[in-house]
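Peer 1: Next input, structure requested:
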Amino acid sequence: MNIAWVLYTALGLYLVSAFCYLGSLRAGRTGFETAGRYFLVLGFLVHLFALVLRYFIAGYTPITNLHESLSFFALCMAGFFIFLRHAYKVESLGALFVPVLALMLVAALAAPAAIRPLPPVLRSYWLPIHTVFAFIGNAVFFSGFLVSIVYLFIERAIKKKRIRDVSGRFPSLETLDRINYKCMSYGFPLLTIGIITGSIWAEMAWGSYWSWDPKETWSLITWLMYAILIHNRLAIGWRGRKTAYMMIAAFVSVVVTFIGVNLFIGGLHAYI
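Peer 2: Here you go, the predicted model:
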């Protein structure tokens, strides 16, 4: 079976879902939301099948190059939004989340997708443990980034008394802030586990738990930014706009760690 065609099928379902969610946001019809939800779940299941299929064909966890990484990241985004929709009934956010994850899958399909033998250092049982925790954590943080953008947009519209029909269909500021807190609460321990497992793997592969490789350094910077954010939230009561701005800034560090280091800086971790 051709994995690419399975991914294209998932992409088609995501695009239909995105169209439905955008139509619902524009027209305010719940029927569009329902259709968007069903197509999203179906796209997620097809996407998951493509991941499993590639795993059995390649013989390793397919999160080792740019194509695989972007595809898995989009899958994590889809799964986490399905969770958010179920937990908070925030269907309208699908108009932002689903087009973004669809574009991410487009980027994955545009990247070289050939299955190649792994470098010796990646032939380890730590590969799925470290990468899965790190990628799910980053997907959760990306969700917080998108929610923060919506929060600032809605807050600005309220202050300027320019709430329109479309912006008024998004969740309340209180709900968005609560989701933001959940994103940092879920993402931070996942990132922590990703760093710890990566350090153990590094010691086994290179004889050192920490070598100040560029990706290690940026991972630590990212961890510190989210640690400060959680501390300020719990200790001094940061809410709303401050949290949103900090979530956006912290996610910029995630992007540098995930893509910038690999494409522009290099180092021991530059495999994609």
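Peer 1: quick one: the strands in the chain?
Peer 2: Taking DSSP state E, the chain contains no strands at all.
Peer 1: low-confidence ranges in it?
Peer 2: Confidence mapping of the chain against pLDDT under 70 gives the ranges 1, 27-30, 161-168, 210, 212, 260-272.
Peer 1: so how far is Arg239 from the residue nearest the centre of it?
Peer 2: The centroid of the chain falls nearest to Ala139 when counting by C-alpha atoms, centre = their mean (2.0 Å). Remark: distance between Ala139 and Arg239 (C-beta to C-beta, to the nearest Å) = 24 Å. For glycine as for every other residue, the C-beta is placed from the backbone atoms N, C-alpha and C.
Peer 1: One more: Gly194?
Peer 2: To Arg239, Gly194 is 27 Å away according to C-beta to C-beta.
Peer 1: Give the burial count for the closest residue to Lys242 other than its chain neighbours, as a bare number.
Peer 2: Using C-beta to C-beta, 6 or more residues apart in numbering and skipping the chain neighbours, the partner closest in space to Lys242 is Asn232 (7.6 Å). Applying other C-beta atoms under 10 Å, we find 15 residues neighbouring Asn232.
Peer 1: more neighbours, Gly194 and Arg239?
Peer 2: More crowded of Gly194 and Arg239, by other C-beta under 10 Å: Gly194, with 22 against 15.
Peer 1: so what's the more buried one closest to, chain neighbours aside?
Peer 2: Going by C-beta to C-beta, 6+ apart, Gly194 has Ala134 as its nearest residue, at 3.4 Å.
Peer 1: Could you pull up the residues touching that neighbour?
Peer 2: Shown in contact with Ala134 (C-beta atoms under 8 Å, 6 or more residues apart in numbering): 190-191, 194-195, 198.
Peer 1: same question, Ala107
Peer 2: Counted by C-beta under 8 Å, 6+ apart, Ala107 has contacts Leu70.
Peer 1: So it versus Phe80, what's the distance?
Peer 2: Ala107 is 18 Å from Phe80, by C-beta to C-beta.
Peer 1: And the helices in the protein?
Peer 2: Ranges of helices in the chain, per DSSP state H, are 3-27, 30-58, 66-88, 94-110, 126-159, 173-206, 214-235, 240-255.
Peer 1: Could you give me the buried positions within the last one?
Peer 2: The one in question is helix 240-255. For helix 240-255, the neighbour count (16 or more other C-beta atoms under 10 Å) marks 243-244, 246-248, 250-251, 253-255 as buried.
Peer 1: Check the second one too.
Peer 2: Counting neighbours by 16+ other C-beta under 10 Å, one finds that the buried residues in helix 30-58 are 32-33, 35-37, 39-44, 46-47, 49-51, 53-54, 58.
Peer 1: That helix packs against which elements?
Peer 2: Counting contacts by 3 or more C-beta pairs under 8 Å, 6 or more residues apart in numbering; DSSP states H and E, helix 30-58 packs against helix 3-27, helix 66-88, helix 94-110.
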